[in-house]
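[1] How does the following fold in three dimensions:
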Amino acid sequence: MTDEVDKELLNEFYQELADLIGLENAYKLHETYRGLSYTFPMRLYDPKKVAQKIVAEYNGENASELARRYGYSMRWVLEVLRKEREKRHKD
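    A predicted model of the protein is given here:
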């Protein structure tokens with residue numbers, strides 16, 4: 001179907017999308033989501049899932065590395081670890 005699409009006539013948004021991910025994928029997105037409005041989250045990773053991963057991967061010394069790896073602040077990582085310690089003390 002994309003062989004019928006004239007890229008030169010595309011809406012600017014779809015032109016940029018086609019340049020980024022290819023015309024075929026831009027067309028698929030148009031067909032699936034046209035007319036809808038979406039806001040893309042700032043973070044790539046889900047914070048609940050990252051928190052679980054941080055708890056599992058924390059070795060007592062690598063909080064800074066985990067913060068960088070997953071794109072969260074050191075403060076957030078330390079808070080996740082603090083909450084996990086509190087949870088374990090209650091159990």
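
[2] Identify the spatial nearest neighbour of residue 20, chain neighbours not counted.
    Once flanking residues are discounted, residue 20 sits nearest to residue 26: 7.9 Å by C-beta to C-beta, 6 or more residues apart in numbering. Yep, even glycine has a C-beta here, placed from its N, CA and C like the rest.

[3] The one you found touches residue 13, doesn't it?
    No - Residue 26 is not in contact with residue 13 according to C-beta atoms under 8 Å; the separation is 9.1 Å.

[4] In terms of neighbours, single out the busier of those two.
    residue 26 (22 against 10; other C-beta atoms under 10 Å).

[5] for that one, what are its contacts?
    Counting by C-beta atoms under 8 Å, 6 or more residues apart in numbering, residue 26 makes contact with 10, 14, 17-18, 20.

[6] Could you do residue 84 as well?
    residue 55.

[7] Average the pLDDT values over the helix or strand hosting it and round to the nearest integer.
    Assessed by DSSP states H and E, residue 84 sits inside helix 74-90. Mean pLDDT, helix 74-90: 95.

[8] for it, which positions count as buried?
    The neighbour-count check on helix 74-90 (16 or more other C-beta atoms under 10 Å) flags 76-77, 80-81 as buried.

[9] Please give the centre-to-centre distance between that helix and its chain.
    23 Å (C-alpha atoms, centre = their mean, to the nearest Å).

[10] how near is residue 84 to residue 68?
    Using C-beta to C-beta, to the nearest Å, one obtains 19 Å as the distance from residue 84 to residue 68.

[11] what does residue 28 give?
    34 Å.

[12] Residue 87 now?
    25 Å.

[13] Break the protein into its domains for me.
    According to automatic domain parsing, the chain comprises the domains 2-33, 47-90.

[14] Could you export these as JSON lines, including distance to residue 41?
    Below are the domains of the chain laid out as JSON lines (distance: least, C-beta to C-beta, whole Å):
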{"stretch": "domain 2-33", "distance to residue 41": "16"}
{"stretch": "domain 47-90", "distance to residue 41": "10"}
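
[15] Pick out the shakiest of the ones you listed, pLDDT-wise.
    For the domains of the chain, where the average pLDDT is lowest is domain 2-33, sitting at a mean of 92.
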